[in-house]
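In: how would this look folded up:
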Amino acid sequence: MDAFGRAGKDFLKKDNDEFIYVESKTMEDDVIPVEHLFRDFKQMPESEKKALEKCKGKVLDVGGGVGSHSLYLQSNFFDVTMLDICDGLCNVATQRGIKKVVCEDFFELSTEEKYDTLIFMMNGIGIGGSFDFFEKTIKKSTALLNPNGTIIFDSTDIAFCYEQEDGSVVVPLNIEYPGFVKFRLKYKNEIDNWFNWAYYDMDKLKSLLPNHLKLDVLHEEGPAYSAQISGF
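Out: Residues are numbered from 1 along each chain as shown. From the prediction side, this is the model:
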């Protein structure tokens with residue numbers, strides 16, 4: 001997803017295009033305003049605000065992007081580390097003043113550090129786009145969290161994309177789960193590779209979690225929501 005990194009660097013140089021274009025094989029195409037990546041706390045949707053307000057202790061911001069969530073936490077005196085796999089995004093976050101930035105794959109992260117809160121904002125909990133990857137995400141998070149630590153995330157139930165006029169949901173036979181999507185990003189004249197992502201509804205998440213873990217909703221607004229996983 002280097003498009004975000006390219007757009008972020010251009011934004012700091014004031015040489016950015018207005019949008020990142022999102023092409024999908026499973027949903028309608030969309031656009032992301034580049035300035036949206038740089039929103040401050042007041043500009044964030046309520047689900048993001050509620051999520052950030054629930055953070056505690058030492059925080060790892062997984063897939064932190066240009067660092068907007070880490071910046072808010074850092075300004076409120078949290079010990080926060082931003083993690084992202086994209087060199088460009090890590091560079092932008094550093095330029096914006098994030099003190100701790102790690103450029104590495106979440107699943108390959110090797111560290112002795114332990115955290116009280118892991119945040120997966122902008123639907124970061126859907127990384128990898130499969131049930132297997134969700135299981136890997138919980139397993140890796142367990143290894144990184146202190147006892148009584150939590151995962152905090154936001155997401156959207158996108159079943160409405162397949163809703164019929166009579167209110168029923170009809171999912172194409174080639175899609176295992178309505179929340180599984182395939183995207184690629186275009187910024188200026190460069191197009192990234194296709195990648196898989198997932199948008200989980202709350203009932204599905206509860207069914208995927210190990211029995212000892214608990215899912216609590218923090219905020220709901222239409223199909224969008226933020227939630228907390230605890231019991232680690």
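
In: and the gap between the spatially most central residue of the chain and Asp17?
Out: The structure's the chain has its C-alpha centroid closest to Gly124; by CA atoms, centre = their mean the separation is 2.2 Å. Look at Gly124 and Asp17: by CB to CB, to the nearest Å, they are 24 Å apart. In this view, the C-beta of every residue, glycine as well, is placed from N, C-alpha and C.

In: Run me through the strand neighbours of the lowest-mean-pLDDT helix or strand in the chain, direction for each.
Out: Taking mean pLDDT, DSSP states H and E as the measure, the chain has strand 190-191 as its least confident helix or strand, at a mean of 92. As defined by DSSP bridges, the strand partners of strand 190-191 come to strand 180-187 (antiparallel).

In: and the strand it pairs with, which residues are buried?
Out: 180-181, 183-187 (16 or more other CB atoms under 10 Å).

In: So the closest residue to Leu89 other than its chain neighbours, which state does it fall into?
Out: Leaving aside its chain neighbours, Leu89 sits nearest to Gly5 (4.6 Å; criterion: CB to CB, 6 or more residues apart in numbering). Under the three-state scheme (DSSP: H, G, I helix; E, B strand; the rest coil), Gly5 adopts helix.

In: right, and Gly5 touches Asp87 too?
Out: Yes: if you go by CB atoms under 8 Å, Gly5 and Asp87 touch, sitting 6.6 Å apart.

In: Of those two, which one has the most company?
Out: Per other CB atoms under 10 Å, whichever of Gly5 and Asp87 has more neighbours is Gly5, with 21 against 11.

In: ok, that one - contacts?
Out: 86-89, 91-92 (CB atoms under 8 Å, 6 or more residues apart in numbering).

In: Just the buried residues of those.
Out: Here, 16+ other CB under 10 Å leaves 86, 88-89, 91-92 buried among the contacts of Gly5.

In: if we can go back for a sec, I'd like to check which residues are in contact with the residue nearest to the centre of the chain.
Out: Per CB under 8 Å, 6+ apart, neighbours of Gly124: 62-63, 153.

In: on that earlier part again, now render the buried residues of strand 180-187 as JSON lines, adding distance to Tyr21 and pLDDT.
Out: Shown next, in JSON lines, are those (distance: CB to CB, whole Å; pLDDT from 0 to 100):
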{"residue": "Phe180", "distance to Tyr21": "21", "pLDDT": "93"}
{"residue": "Val181", "distance to Tyr21": "15", "pLDDT": "91"}
{"residue": "Phe183", "distance to Tyr21": "11", "pLDDT": "93"}
{"residue": "Arg184", "distance to Tyr21": "9", "pLDDT": "95"}
{"residue": "Leu185", "distance to Tyr21": "7", "pLDDT": "96"}
{"residue": "Lys186", "distance to Tyr21": "4", "pLDDT": "95"}
{"residue": "Tyr187", "distance to Tyr21": "7", "pLDDT": "95"}
